[in-house]
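1. Fold the following.
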Amino acid sequence: MSRIDPLKFQERHITAIVARFQNLRDDYHRLTNPKELHTLRKQSAAVMLQAPTGIGKTLIATEVVAEFSALDNVVWFWFAPYATLIDQAAASLQRQAPQLKVLNIEHQRTVDELASGALFVITWQTVATKTKESRRARTTGDAGLSVDDLIAQARALGLRVGVVVDEAHHGFVKATEAYRFFSEVLQPDYALMMTATPRDTDVARFAEKTGYQLGEPTDWASITRHEGYQAGLLKLGVKTAQFLTGNNDDAALVDFEEVALSECAAMHRHIKAVLAENGVALTPLMLVQVPNGGAALEKAHDYLTGPLKFPASAVKVHISEEPDPDLQARAHDPSVEVLVFKMALAMGFDAPRAFTLAALRGTRDANFGIQVVGRIMRVHSLLQRRPNTPQVLNYGYVFLANREA
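-> As a prediction, this is how the structure comes out:
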């Protein structure tokens, strides 16, 4: 894949965020009292980018980093929500903005690597927990300077520090060490916080723990789902099916998970037929979220490959205990029709050919549910801005086995 040119609405938001950082840069330059720097950072450095899943947050943030690195001398730290997404994020950054210097935190922590546009893709676990990896990154040794010393050296060279936090609502907001690292070690001059599901309590806690202010929702860089729909990036909406019985006695006789899987598979196959009838060379993807591993996962897999007659080769499994190393390839492999998961796909998994979701577990909270459903909201490039798209293809479809979800 090559670089993607931002759409007009994305370019508008990129320009606005870069302008905010430019104004802050000018404010930094006007400071006469060094003591005022700390206060200015806390008041103005952090910007919240709130946008639905599939809107192009990563593309927007990448363009902001690339454009602004040419306007001020900044070394960047890009925080991915999971370690499994580091390589994916690094590859996306390098493809979209080859002028950036994407560095490996494990062995490129040297002064010689520091320059405007240098960028480390990491997780909070790399630098803000008590894990072995964290201790190694925070210690100067044969692998290079500690992250703490590296930041000090960058500032000594006249570089400012920029931070991008992908899915800022996840992990970071729950980790005391992450708050401390952010406010005491990074002390970013520019910070872009990205999330699809900002919560007032998380924003307030972030401000309380770090001192960095994100302001009210009216101060955020917010993108509506309608903007994504108008641009052809997002489906019009989601249709949800839940299964009811007349009374509790009947409910005891019904396997709601099998019903949800059967109905989801039927819709999946209908969409597959509609795509073929309209000459769209695209195999849709059906997602199945199981409540846990072990018996539930095995039961779902056996039902898919047994009564529902999916070939075993077409059904893949991805769980955190046994992650699929080829997960992103599965997203584009037409021979894969079903992907079974627990929670690991909720963030960072990009599969625009996904239309259907059988949810065999209740979501832990509304925000987590939004993240999961976001996996089926993207529009595949073969269908974007396509005239006379059949109505059935304008929606995602969720089948709930747990009617209380």
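2. Name the nearest residue to Lys342, sequence neighbours excluded.
-> Ile319 (4.9 Å; C-beta to C-beta, 6 or more residues apart in numbering). No exception for glycine: its C-beta is placed from N, CA and C like everyone else's.
3. can you map out the helices along the stretch 1-150 of the chain?
-> For the stretch 1-150 of the chain, applying DSSP state H, counting those that start in this stretch gives helices covering 8-30, 35-44, 57-69, 86-96, 124-127, 132-137, 147-156.
4. what's the offset of the fourth one from the middle of its chain?
-> Just to be clear, that refers to helix 86-96. Distance of helix 86-96 from its chain centroid, counting by C-alpha atoms, centre = their mean, to the nearest Å, is 13 Å.
5. The third one too?
-> In terms of C-alpha atoms, centre = their mean, the centre of helix 57-69 is found 15 Å from the chain centre.
6. what angle do it and helix 8-30 make?
-> Put simply, helix 57-69 runs at 40 degrees to helix 8-30, going by axes from the mean of the first three to the mean of the last three C-alpha atoms, to 10 degrees.
7. and Gln242, how many neighbours?
-> Using other C-beta atoms under 10 Å, Gln242 has 15 neighbouring residues.
8. so how far is Glu263 from it?
-> Going from Gln242 to Glu263 by C-beta to C-beta, to the nearest Å gives 11 Å.
9. Then Gly54?
-> Gly54 is 24 Å from Glu263, where distance means C-beta to C-beta.
10. before we move on, the earlier item: mind listing the residues bridging to the residue nearest to Lys342?
-> Applying DSSP bridges to Ile319 gives these bridge partners: Glu322.
11. more neighbours, Gly54 and Glu263?
-> Gly54 (21 against 17).
12. hang on, isn't that one packed against Ile376?
-> No - judged on C-beta atoms under 8 Å, Gly54 makes no contact with Ile376 at a distance of 9.4 Å.
13. Show me the strands in the stretch 51-200 of the chain, by range?
-> 74-79, 101-103, 118-122, 160-165, 190-195 (DSSP state E, counting those that start in this stretch).
14. Reformat those strands as a markdown table; add mean pLDDT.
-> Formatted as a markdown table, these follow (pLDDT from 0 to 100):
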| stretch | mean pLDDT |
| --- | --- |
| strand 74-79 | 97 |
| strand 101-103 | 97 |
| strand 118-122 | 95 |
| strand 160-165 | 97 |
| strand 190-195 | 94 |
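15. For Asp333, find the nearest of the ones you listed.
-> strand 118-122 (25.0 Å; C-beta to C-beta).
16. Kindly export the closest one (C-alpha atoms) in PDB.
-> The C-alpha coordinates for strand 118-122 follow below in PDB (Å, rounded to 0.1, in the frame of the first residue of the first chain):
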ATOM      1  CA  ALA A 118      12.300  11.300  14.900                       C
ATOM      2  CA  LEU A 119       9.600   9.100  16.400                       C
ATOM      3  CA  PHE A 120       9.400   6.100  18.700                       C
ATOM      4  CA  VAL A 121       6.400   3.800  18.600                       C
ATOM      5  CA  ILE A 122       5.900   2.300  22.100                       C
END
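17. That strand: which residues count as buried?
-> Neighbour-count burial for strand 118-122, counted by 16 or more other C-beta atoms under 10 Å, picks out Ala118, Leu119, Phe120, Val121, Ile122.
18. same deal with stretch 3-10?
-> Neighbour-count burial for stretch 3-10 [16+ other C-beta under 10 Å]: Pro6, Leu7, Phe9, Gln10.
19. Which residue, other than its chain neighbours, is closest to the third one?
-> Meaning Phe9. Spatially, and ignoring its direct neighbours in sequence, Phe9 is nearest to Glu227 (5.0 Å; C-beta to C-beta, 6+ apart).
20. Which strand or helix spans the one you found?
-> Taking DSSP states H and E as the definition, one finds Glu227 inside helix 225-230.
21. what two of the buried residues of stretch 3-10 are the furthest from one another?
-> The most widely separated members of the buried residues of stretch 3-10 are Pro6 and Phe9, with 8.6 Å between them, by C-beta to C-beta.
22. hang on, the earlier thing: what is the helix holding Glu227 packed up against?
-> Here helix 225-230 touches no other helix or strand, going by 3 or more C-beta pairs under 8 Å, 6 or more residues apart in numbering; DSSP states H and E.
23. Give me the contact list for it.
-> Phe9, Ala51, Pro52, Gly54, Ile55, Gly56, Leu234, Lys235, Leu236 (C-beta atoms under 8 Å, 6 or more residues apart in numbering).
24. ok, and the closest non-adjacent residue to the last one?
-> In this case it means Leu236. Residue nearest to Leu236 in three dimensions, not counting chain neighbours: Asn394, with 4.4 Å by C-beta to C-beta, 6+ apart.
25. Now the one you found: phi and psi?
-> phi -90, psi 0 (degrees, to the nearest 10).
26. Okay, it and Ala273: tell me how far apart.
-> Asn394 sits 16 Å away from Ala273, going by C-beta to C-beta.
27. Helix or strand with the lowest mean pLDDT in the protein?
-> Ranking every helix and strand in the chain by mean pLDDT, DSSP states H and E puts helix 248-251 at the bottom, with a mean of 59.
28. which element follows it toward the C-terminus?
-> helix 256-277.
29. Buried residues, that next one. List them.
-> Per 16+ other C-beta under 10 Å, helix 256-277 contains these buried residues: 256-258, 260-265, 267-269, 271-272, 274-275.
30. neighbouring contacts of it?
-> By C-beta under 8 Å, 6+ apart, the residues outside helix 256-277 that reach it are 241, 243, 282-284, 286, 288, 299-300, 303-304, 307-308, 310, 337-338, 355-360, 390, 392-393, 397, 399-403.
31. From those residues, list just the buried residues.
-> 243, 282-284, 286, 288, 299-300, 303-304, 308, 310, 337-338, 355-360, 393, 397, 399-402.
32. Now stretch 175-194 - C-alpha only, PDB.
-> What follows is stretch 175-194 as a C-alpha-only set of coordinates in PDB (Å, rounded to 0.1, in the frame of the first residue of the first chain):
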ATOM      1  CA  ALA A 175      -2.100   3.300  35.100                       C
ATOM      2  CA  THR A 176      -0.600   5.500  37.800                       C
ATOM      3  CA  GLU A 177       2.900   5.000  36.500                       C
ATOM      4  CA  ALA A 178       1.800   6.200  33.000                       C
ATOM      5  CA  TYR A 179       0.400   9.400  34.500                       C
ATOM      6  CA  ARG A 180       3.700  10.000  36.400                       C
ATOM      7  CA  PHE A 181       5.800   9.300  33.300                       C
ATOM      8  CA  PHE A 182       3.700  11.600  31.200                       C
ATOM      9  CA  SER A 183       3.900  14.600  33.600                       C
ATOM     10  CA  GLU A 184       7.300  14.100  35.100                       C
ATOM     11  CA  VAL A 185       9.500  12.600  32.400                       C
ATOM     12  CA  LEU A 186       7.900  13.300  29.000                       C
ATOM     13  CA  GLN A 187       6.600  16.700  30.100                       C
ATOM     14  CA  PRO A 188       5.400  17.100  26.500                       C
ATOM     15  CA  ASP A 189       5.400  20.400  24.700                       C
ATOM     16  CA  TYR A 190       2.800  19.000  22.300                       C
ATOM     17  CA  ALA A 191       0.400  16.200  23.000                       C
ATOM     18  CA  LEU A 192      -2.300  14.700  20.800                       C
ATOM     19  CA  MET A 193      -4.700  12.400  22.600                       C
ATOM     20  CA  MET A 194      -6.800  10.200  20.300                       C
END
